[in-house]
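Asks: what follows is a predicted protein model with its sequence.
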Amino acid sequence: MLASKVRWVVLAALVGACAPFASGCYATVEEPPVYEGYRPMYYEGRVVYYDQVGAPYYYYNGGVAYIPRTYAGYGVYVNHYNTYRGAYYRWNAGYGTRYRTYYRRGR
């Protein structure tokens, strides 16, 4: 009887120790900071980046997806880039890579 109870205690401890790995939990990343007055824009909850010619894109499923030129708000993203180009490059150099997987829900 005692061996059976010990076995259950050990099993419960193992399950408890492994639960964080099996539960689908993941670490959340804080929202991208405002840096030198630059605040990144979002497209469908993802941080918007810009290529060398100012075309807006975002990271999705490990790859790059460009915002369609036919999107109604496309001009807002281009205008944002043209207004904050220098600050964007400084922000991207300091923070950009760590927010490629950031997703802002419900906003």
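Replies: Cool, got the structure.

Asks: show me where the protein has helices.
Replies: Secondary structure of the chain (DSSP state H): helices at 2-22, 74-94.

Asks: which outside residues touch the last one?
Replies: Surrounding helix 74-94, the residues in contact under the criterion C-beta atoms under 8 Å, 6 or more residues apart in numbering are 32, 35-38, 40-41, 43, 48-50, 54, 56, 67-68. C-beta here means a position set from N, CA and C on the backbone, and glycine is covered the same way.

Asks: in ChimeraX, select just the buried ones from those.
Replies: To isolate the buried ones among the contacts of helix 74-94 in ChimeraX, judged by 16 or more other C-beta atoms under 10 Å, type:
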select :32,35,38,40,41,43,48,49,50,56,67
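
Asks: so which of the contacts of helix 74-94 are in strands?
Replies: Within the contacts of helix 74-94, residues falling in strands by DSSP state E are Tyr43, Tyr49, Tyr50, Pro56.

Asks: would you turn these into CSV with distance to Arg90?
Replies: What follows is the ones in strands among the contacts of helix 74-94, written out as CSV (distance: C-beta to C-beta, whole Å):
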residue, distance to Arg90
Tyr43, 21
Tyr49, 14
Tyr50, 13
Pro56, 18
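
Asks: report the two of those separated the most.
Replies: Pairwise distances across the ones in strands among the contacts of helix 74-94 (C-beta to C-beta) peak at 11.6 Å, for the pair Tyr43 and Tyr50.

Asks: find residues that contact each of those two.
Replies: Pro56.

Asks: got any ranges where this protein has weak pLDDT?
Replies: Along the chain, the parts satisfying pLDDT under 70 run over 1-29, 106-107.

Asks: redo that, cut-off 50
Replies: Along the chain, segments meeting pLDDT under 50 span 4-27.

Asks: my guess is Tyr95 contacts Glu36, does it?
Replies: No. Counting by C-beta atoms under 8 Å, Tyr95 stays clear of Glu36, with 10.7 Å between them.

Asks: list the contacts of the residue nearest to the spatial centre of the chain.
Replies: Centroid-nearest residue in the chain, with C-alpha atoms, centre = their mean: Tyr102, separated by 0.7 Å. Contact partners of Tyr102, counting by C-beta under 8 Å, 6+ apart, are Val29, Glu31, Pro32, Arg46, Val47.
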